[in-house]
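Student: I'll drop the sequence and a predicted model, then ask my questions.
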Amino acid sequence: MYGGGEEPFKRRVLSRPAFKVAYQNRLREIRDLLFNREQAGQLIDECAAIIADSAGGPSMVDADRAKWDYHPAMAGGGKAGQGLFYQAALSKDFRGMVQLMKYYVKTRGAWIDANLLADGNIPATPTVSQIGTTDSPGSELKFRCSDFSGNGAFAAMAWRAGEVVESGATTSKSKPQPYEITPVWQSAEYAVFNSDITVPPNVLKAGHTYRVRARMKDGSEHWSHWSAPAQFTVH
């Protein structure tokens, strides 16, 4: 979680070239689709809404603080000390700790990129644009991807669509929000490059917002990052 990330799993996996490639491929996906300020921030807010009352009423957060902040166990034995529950946050409250978690996503994400994912040999990240209409769920949804570019030869490409929450939507305690990393549709790995794709219309719902992305793989099994998304709402 902190420091150099040195622990047994990392040492055993990253010391083996084939495992390292698979590990980095998946970690790039996680960075692109979940462990970023937008999607992880949404997840933090969703979890915070479950345990805290935004209106200021009693909540699990208050019960947890009442139990532990002045608990005798916190007075010694290498513990942080009493009355220090929210001291890491500038505002000294739960809301400040939520912001601290979001800041951690930003700083740790940058550390991951620099220390675990730095690789100049992966294929270039492609770009994707929409060339079809989204006027209705039955419309043909067509997208176009830029050409492959990389040090190695083209080996495969893949597409995906994931649902996202509209910007500014209210976080709900009772209804889990969609996250882009959970695909509503994903293609097979195409061994022949084809710039255009049609997303099956039956997988999308009117009134929902989606992102379509593509990525490329070279002959050494390295996948690129997922492209920046083509985002749209089905009307």
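Tutor: Received, thanks.

Student: Next, the residues that contact the worst-scoring helix or strand of the chain on mean pLDDT from outside, please.
Tutor: When each helix and strand of the chain is scored by mean pLDDT, DSSP states H and E, helix 8-14 comes last, with a mean of 82. Contacts with helix 8-14, where a contact means CB atoms under 8 Å, 6 or more residues apart in numbering, come from 19-20, 23. The way it works is simple: take the backbone N, C-alpha and C, and place the C-beta from them, glycine included.

Student: Highest neighbour count among those residues?
Tutor: Counting neighbours by other CB atoms under 10 Å, Tyr23 leads the contacts of helix 8-14 with 17 neighbours.

Student: do you know how far it is from Leu117?
Tutor: 10 Å (CB to CB, to the nearest Å).

Student: Check Leu33 too.
Tutor: 14 Å.

Student: One more: Arg215?
Tutor: According to CB to CB, Arg215 and Leu117 sit 14 Å apart.

Student: care to break this protein down by domain?
Tutor: 47-115, 121-233 (automatic domain parsing).

Student: Including distance to Leu14, could these go into a markdown table?
Tutor: Shown next, in a markdown table, are the domains of the chain (distance: least, CB to CB, whole Å):
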| stretch | distance to Leu14 |
| --- | --- |
| domain 47-115 | 11 |
| domain 121-233 | 15 |
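
Student: Can you say which of the ones you listed is packed in most?
Tutor: Across the domains of the chain, averaging neighbours per residue (mean count of other CB atoms under 10 Å) puts domain 121-233 on top, at a mean of 16.
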